[in-house]
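J.: model this:
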Amino acid sequence: MFGFGKKQEPVFVENELGKFKLVETKSMIFVDGKKRPQIHKYYDGNAVWHGAEGKVSATVRCNKDPNAERGFARLKWAVNNSAKLERRLIDYTFDYFVNENDPNSPIEIWSAGYDDESDECPAPIPPEEFKKHISVNFICIEDDETISAEMDLDGLFTDHGFMVDIDRDGNLSNGALWG
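T.: Just a heads-up that it's a prediction; the model follows:
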C-alpha cells in the first residue's frame, strides 16, 4: 500500500492589494560540485493598479521573509504610487527606443504583420504612436525589496517585453528588451 498523504490546501494571502497564492518551486543546483535541491517561494496574484478596476500581475518573493511582510510593504508602495510609477516606467522604456540624435525619427519594429516568407518588415512607427503601445504588464518584488517591472510592448517586437529594474530608492535602471 502506498502512503500518499492528503494534498495540502493552497495558502492564500488576501489584503487591500489583492489575492495572492503561495507557490513553491523546486530545482536542483550545483554547490561545491554536488547537486543540491533549491526551493523558491513566492506569492503570485494580481495587484490593484490605478485603483480598484486596474490590475497588474505581481509576484512577491518570500525565500528570506516567509511571511513576505517586507515584500508586501514594497508592493504597497508600488501600488500607492502606481500612476506616477507607471508614467516613469513608460518614459524610461520609450527613451530606450528613441533615437537620441533624432527624437522624431520613426521607431523600427519587427512584428505586427511580419511574415517570414515575404521578408517584409512592418513600417517604422512615429515615436508618439509607439509610446501609446507601452504599459506595465508584470511586477516582481524581490527578496531584497528591489522590483523588476516587465513592460508590455503590445506585440510590436513579436513576443518580447522590456524589463526595468527599480532599486529600493525608487530609481529606474537596467532597461533591456527580452523574450
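J.: and Lys64, helix, strand or coil?
T.: The local conformation at Lys64, judged by DSSP: H, G, I helix; E, B strand; the rest coil, is coil.
J.: what sits against it?
T.: Asp143 (CB atoms under 8 Å, 6 or more residues apart in numbering). Where you see a C-beta, it was placed from the backbone N, CA and C, and this is true even at glycine.
J.: so what does the lengthiest helix in the chain touch, helix or strand wise?
T.: With secondary structure taken from DSSP state H, the chain has its longest helix at helix 82-97. For helix 82-97, the packing partners by 3 or more CB pairs under 8 Å, 6 or more residues apart in numbering; DSSP states H and E come out as helix 127-131, strand 135-141, strand 147-152, strand 161-166, strand 172-178.
J.: got a list of contacts for the first one?
T.: Judged by CB under 8 Å, 6+ apart, the contacts made with helix 127-131 from elsewhere in the structure are Ile90, Phe94, Phe97, Val98, Pro103, Asn104, Ser105, Pro106, Ile107, Ile109, Leu156.
J.: drop anything exposed from those residues.
T.: For the contacts of helix 127-131, burial is judged from neighbour counts taken by 16 or more other CB atoms under 10 Å, and it is met by Ile90, Phe94, Phe97, Val98, Ile107, Ile109, Leu156.
J.: which pair of these spans the longest distance?
T.: Of all pairs drawn from the buried ones among the contacts of helix 127-131, the greatest distance, 16.6 Å, lies between Ile90 and Ile109 (CB to CB).
J.: got a markdown table for the helices and strands packed on helix 82-97, with distance to Cys62 too?
T.: As requested, these are arranged in a markdown table below (distance: least, CB to CB, whole Å):
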| stretch | distance to Cys62 |
| --- | --- |
| helix 127-131 | 35 |
| strand 135-141 | 9 |
| strand 147-152 | 15 |
| strand 161-166 | 18 |
| strand 172-178 | 23 |
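J.: so Arg74, which state does it fall into?
T.: Of the three states, Arg74 takes helix according to three-state DSSP.
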